[in-house]
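S.K.: Return atomic coordinates for the entry below.
(one chain, ligands or ions: 1)
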Amino acid sequence: MSISNLTSRISGFHRMSTAERLEAVAAFSGLDDATRAQLAAPGNIDTHLADHMIENVVATLSIPIGVATNMRVDGKDVLVPMATEESSVVAAVCNSARQCYDAGGFTTSVSGNLMIAQVQLVGVTDPENARLRILERRDEIAAICDRCDPMLVQLGGGFRDLEVRVVNSRGGPMVVTHLIVDTRDAMGANTVNTMAETLAPSVESWTGGKVFLRILSNLADRRLARARAVWPAEAIGGEAVRDGMISAYHFAEADPYRAATHNKGIMNGVSAVVLATGNDTRAVEAGAHAYAARNGRYTSLTNWEVTAEGHLAGSIELPLPVGLVGGATKIHPTARACLKILGVSTAAELARIIAAVGLAQNFGAMKALATTGIQKGHMALHANNVAIAAGAVGEEVAKLAAILVERRQVRQDVATVELERMRAGVA
Ligand code: NAD
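M.R.: Prediction:
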């Protein structure tokens, strides 16, 4: 296994030990001893395990796990571990959850554990006929799928439904079969991919076409998690704050540029719990954003309304294909520990908590944005008045007001002193 200097074609790299690989990388990139030691230091997962999880491992990366407090979900208090590198994310959930805790916290539900696998069939001249020929085989298809995973069937999961669509593409019509499978407490990607691959030759033989892709859809719109909560107006700072937040929501609802940032804030919370529990962040993120655009225009994943009593009601609905088994969930010891902190016994319970965290996160972000804006507006307005009251005239008003805002001392006594300094040419 030789390593040529400054070539990325490192022969046998994948067969090296992690230490050997690190040496090779260090030689290539000219890493000093301190950098090599940093990369060689084990985190809370040993390199041997990491080496089995992905390919070409040289090191691990530790991300802080913070625990969100104040979360009450479906009448039960829960501590939520969140893995994130971004500050304020965990604090925002704690603060948001505290403000709706006394009003009952979060109420959640799920649509089920159903995942969709797609089988792409091309090259048929009569796609509508082919579609029906596939639909007629429903029982056979169910049996083929269930034979792929007897353990899943034993656990109460397995094939549930069949959908066949004709998709008109740039390359002509495609007959796309959807296998709808209950994957229970697994995210289910591998499970349904195996079913789609196993079924493919039969689909070809029934239709005379050619199957290309056989893989799950990350638009897991049959695996939705929902959460709702009411924040009493008095608990969040009054009606002005509430209305500012509603306006922030209206902005996100109407404008994809704002919606992307609004939903990114939601995913700050969602992805942090998904990552902490060893689940697939990309799968959840792809599904969430695709779901946000399901009606042809990208929009907010949350809804915000004012109740008859004048309180702020928030709700969220998004695909949450997460598992307690499969992927890294069972393998990564920290992910297992996080699931213990959560105390969940089903994937659906985990999804419900994650949806609640997403809603709390959105509340926190919208409130911060709306109130900071309101305060800034108020401060600027107020500073002008204070400047005028201190005797400022003409251009002095805006200049003095700006000084007061910058110093965060919008006060008459400060204004009087600063105006004197300004006139004396000190300021
Ligand atoms: P998996 O195949 O590791 O485990 C699922 C299997 O576990 C089931 O088939 C079942 O036989 C068994 N099982 C045991 N107890 C179970 C229970 N209580 N409920 C359900 N099944 C149980 O994992 P998976 O969930 O099929 O796949 C998840 C992995 O696939 C993730 O690592 C993900 O990153 C990866 N993946 C994702 C994509 C994608 O999102 N596009 C594509 C391919 C792979």
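S.K.: Would you map the helices across the stretch 251-400 of the chain?
M.R.: 256-276, 281-292, 333-342, 347-389, 395-406 (DSSP state H, counting those that start in this stretch).
S.K.: With distance to the ligand, mean neighbour count and mean pLDDT as extra columns, can I get the ones you listed in CSV?
M.R.: Just so you know, the C-beta spots here come from the backbone N, C-alpha and C atoms, and that holds for glycine as well. Compiled in CSV, the helices of the stretch 251-400 of the chain are given as follows (distance: least, CB to the nearest ligand atom, whole Å; neighbours: other CB atoms under 10 Å; pLDDT from 0 to 100):
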stretch, distance to the ligand, mean neighbour count, mean pLDDT
helix 256-276, 11, 22, 98
helix 281-292, 4, 19, 98
helix 333-342, 11, 17, 98
helix 347-389, 7, 21, 85
helix 395-406, 49, 17, 91
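S.K.: need these in JSON lines with distance to Asn95, can you?
M.R.: Below are the helices of the stretch 251-400 of the chain laid out as JSON lines (distance: least, CB to CB, whole Å):
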{"stretch": "helix 256-276", "distance to Asn95": "12"}
{"stretch": "helix 281-292", "distance to Asn95": "23"}
{"stretch": "helix 333-342", "distance to Asn95": "20"}
{"stretch": "helix 347-389", "distance to Asn95": "6"}
{"stretch": "helix 395-406", "distance to Asn95": "25"}
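S.K.: ok, the closest residue to Ala283 other than its chain neighbours - contacts?
M.R.: Once flanking residues are discounted, Ala283 sits nearest to Asn218: 5.4 Å by CB to CB, 6 or more residues apart in numbering. By CB atoms under 8 Å, 6 or more residues apart in numbering, the contact set of Asn218 is 283, 286-287, 290, 321.
S.K.: Looks to me like Asn218 is in a helix.
M.R.: No - counting by DSSP: H, G, I helix; E, B strand; the rest coil, Asn218 is not part of a helix but coil.
S.K.: next one: phi and psi at it?
M.R.: phi -80, psi -10 (degrees, to the nearest 10).
S.K.: before we move on, the earlier item: can you redo the contacts of Asn218 as CSV with distance to Ala355?
M.R.: Listed next are the contacts of Asn218 as CSV, based on distance: CB to CB, whole Å:
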residue, distance to Ala355
Ala283, 16
Ala286, 17
Gly287, 13
Ala290, 17
Pro321, 12
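S.K.: Nearest to His262 among those?
M.R.: Ala290 (16.1 Å; CB to CB).
S.K.: thought the closest one was touching Leu219?
M.R.: Yes - the criterion here is CB atoms under 8 Å, and Ala290 meets it with Leu219 at 4.3 Å.
S.K.: so how far is stretch 335-345 from its chain's centroid?
M.R.: 19 Å (CA atoms, centre = their mean, to the nearest Å).
S.K.: any idea what sits nearest Gly370, other than its immediate chain neighbours?
M.R.: Rather than Gly, residue 370 is Ala. Gly244 (3.2 Å).
S.K.: likewise Arg352?
M.R.: Thr108 (3.7 Å).
S.K.: Which helix or which strand is home to that neighbour?
M.R.: If you go by DSSP states H and E, Thr108 is part of strand 107-110.
S.K.: How about the residues of this structure by the ligand?
M.R.: Neighbours of the ligand within the chain, by CB under 6 Å from any ligand atom: 149, 151-152, 155, 157, 183-191, 193, 216, 218, 280, 283, 323, 325-327.
S.K.: Buried among those? Need that as a selection in ChimeraX.
M.R.: Buried members of the residues of the chain next to the ligand, defined by 16 or more other CB atoms under 10 Å, are picked up in ChimeraX with:
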select :149,152,157,183,184,185,186,187,188,189,191,193,216,218,280,283,323,326,327
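S.K.: Out of the residues of the chain next to the ligand, name the ones that lie in strands.
M.R.: Mapping these onto strands (DSSP state E) picks out Leu216.
S.K.: re the thing from before, in which helix or strand would I find the residue nearest to Ala370?
M.R.: With DSSP H and E as the criterion, Gly244 is inside helix 239-254.
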